[in-house]
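Quick one, fold the following:
(one chain, ligands or ions: 1)
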Amino acid sequence: MTSDGAAQEPRGTGRYDRRMASLAHPDEKFHVSWLECAAEFDGARRDGAGGEEWLLEDLRDPGAFRRLVAELKAQALPGTALKPGYVSCTHLWIVEDETVIGFLGIRHELNDFLLNEGGHIGYSVRPSARRRGHAGQALKNALPVARELGISPVLVTCDEDNAGSRATIEKNGGILEDIRHGKRRYWIATA
Ligand SMILES: CC(C)(COP(=O)(O)OP(=O)(O)OC[C@H]1O[C@@H](n2cnc3c(N)ncnc32)[C@H](O)[C@@H]1OP(=O)(O)O)[C@@H](O)C(=O)NCCC(=O)NCCS
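Predicted structure coming up:
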């Protein structure tokens, strides 16, 4: 809380409206579409979403979802206790017409794993919303947020065989440094 009692927003605040989908901070108002979005992954990894330890069936409960939202927002704040091996992360939801269509996480720093494989930014788009340019736009919208967080350049990685993510990174100006452990490692300027 700030001195005037207002809830402290995570660093990298605000909505980042662009041509189509925008990035929004986690919010309880997205409960229904968040659940629909997460369910569409059908157990597949939701890159950039966080909250992996929560069961979807538990998150149907509004109280549990409220706790998830609070937890995700807290992970962006300095001083929050994090799981071992985790760094601070700004979690954002890719939203179109007030409907969650994907997830994006900006890790504030790189540990050894993130430097070699994970990178600063992870993202995923729900299957029914793919191939419509949302990942490319979301990554584009995330770059000024990363800059606001003092990250420049950002490291973004993808599996060697992930054509969609590779194209997403390259269309955002990613410069390939190398491939490590099957991950293509790209740097993108934010300034
Ligand atoms: C990778 C992913 C995020 C792409 O999302 P998306 O919204 O469909 O991507 P976009 O529509 O913005 O497409 C971006 C570019 O990738 C291309 N692309 C997208 N999916 C593709 C695919 N399966 N095969 C080949 N190219 C693909 C698009 O043609 C576009 O390139 P273009 O602008 O040159 O036409 C999505 O498939 C996904 O969530 N996958 C599972 C999670 C994941 O892999 N996350 C990335 C981890 S590094």
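
helix, strand or coil for whichever residue of the chain sits closest to the ligand?
Closest residue of the chain to the ligand, Cβ to the nearest ligand atom: residue 164 (2.7 Å). C-beta coordinates here come from the backbone N, C-alpha and C atoms, glycine included. For residue 164, the assignment made with DSSP: H, G, I helix; E, B strand; the rest coil gives helix.

what's the answer for residue 114, then?
Strictly by three-state DSSP, residue 114 counts as helix.

and if you look at residue 106?
Assigned with three-state DSSP, residue 106 falls in the strand class.

Measure how buried residue 112 is and give me the count.
Using other Cβ atoms under 10 Å, residue 112 is surrounded by 9 other residues.

coming back round to it: would you check that the residue of the chain closest to the ligand makes contact with residue 135?
Yes: using Cβ atoms under 8 Å, residue 164 and residue 135 qualify as a contacting pair, with a distance of 6.9 Å.

OK, contacts around residue 95?
The contact partners of residue 95, by Cβ atoms under 8 Å, 6 or more residues apart in numbering, come to 21, 22, 23, 24, 30, 101.

what's the pLDDT at the first one?
I take that to be residue 21. Model confidence at residue 21, expressed as pLDDT, equals 91.

Equivalent analysis for the last one, please.
We have a pLDDT of 98 for residue 101.

so who does it touch?
Contacts of residue 101 (Cβ under 8 Å, 6+ apart): 21, 37, 94, 95, 125, 126, 129, 134.
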